[in-house]
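>>> missing the sequence, but the structure's below:
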């Protein structure tokens, strides 16, 4: 039997990561994992500051990272509507002059800017805030929300634009919002163990839905987990990742 080392990992604390969490917490090697929960942007910081060895990070942060390796064939992705990465407004998006970005995710913020420039072709002003601090929108404003807060706020606004859907319309490709990365020193044995446990969590989606439905009875979690979130980091999503990173360079010059 191989010797297992403690794996410190950063995991986004959203509903869409619950299958990953389930796989880790029900693993026969669960004592190996030390899990740090945070929002996507802070998961990147934990990785950059060497607080964790492994992290689920938004793909928009990858250009800012110096040393990492992509691991596992799992991700947080979609192949059309993702449900919890949404631009909301009270006017059509083409009439909005100011877009407020959610500070919790670099990927969704950059995807919004790419779609604004190349799909909707609008020249909007952008600003970033903690969405919890958001008050009412001005008539010509739109706001990007990600994660569980979409469920809580989606009925507040007249218009809703699912970023996964519009990326698919623009490119014909699926999208990967977050991927697993590791430090160079993390062994292949540890990566294989993690990959197995993450996959077991994805394969236990029925149990995840049952467990989460007791905590969030007002959300349509069955449809969310089965129809919106796609956890497979396949060749099409890898192609989409490369395209997205190139578009960031085109649109944002980063």
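Sure thing, it's come through. Please read all numbers here as calculations on a predicted model, not as lab measurements.
>>> going forward, measure contacts and count neighbours with C-alpha atoms only.
OK.
>>> quick check: longest strand of this structure.
Secondary structure assigned by DSSP state E gives strand 69-78 as the longest strand of the chain.
>>> residues contacting that one, please?
16-17, 164, 174-184, 191-192, 194-195, 198-199, 228-234, 237 (C-alpha atoms under 8 Å, 6 or more residues apart in numbering).
>>> now do stretch 200-217
18, 19, 20, 21, 22, 23, 24, 219, 221, 222, 225, 231.
>>> any idea which element the last one lies in?
It refers to residue 231. Using DSSP states H and E, residue 231 maps to strand 230-232.
>>> quick one: contacts of the helix or strand just after that strand?
Next along the chain after strand 230-232, taking DSSP H and E as the criterion, comes helix 235-252. Contacts with helix 235-252, where a contact means C-alpha under 8 Å, 6+ apart, come from 59-60, 63, 77, 110-111, 113-114, 117, 173-176, 254.
>>> ditto for stretch 10-19
Residues contacting stretch 10-19 (C-alpha under 8 Å, 6+ apart): 35-40, 43, 46-47, 52, 54-56, 76, 147-148, 198, 201-202, 204-205, 208, 225, 229.
>>> would you map the helices across the stretch 51-200 of the chain?
Along the stretch 51-200 of the chain, counting by DSSP state H, counting those that start in this stretch, helices occupy 106-118, 149-153, 163-171, 188-203.
>>> flag the shaky bits of the stretch 1-150 of the chain, pLDDT-wise.
1-5 (pLDDT under 70).
>>> and the strands in it?
7-12, 33-38, 54-58, 69-78, 85-89, 98-102, 125-129, 141-146 (DSSP state E, counting those that start in this stretch).
>>> neighbouring strands for the first one, and are they parallel or not?
Note on strand 7-12: by DSSP bridges, its sheet partners are strand 33-38 (parallel), strand 54-58 (parallel).
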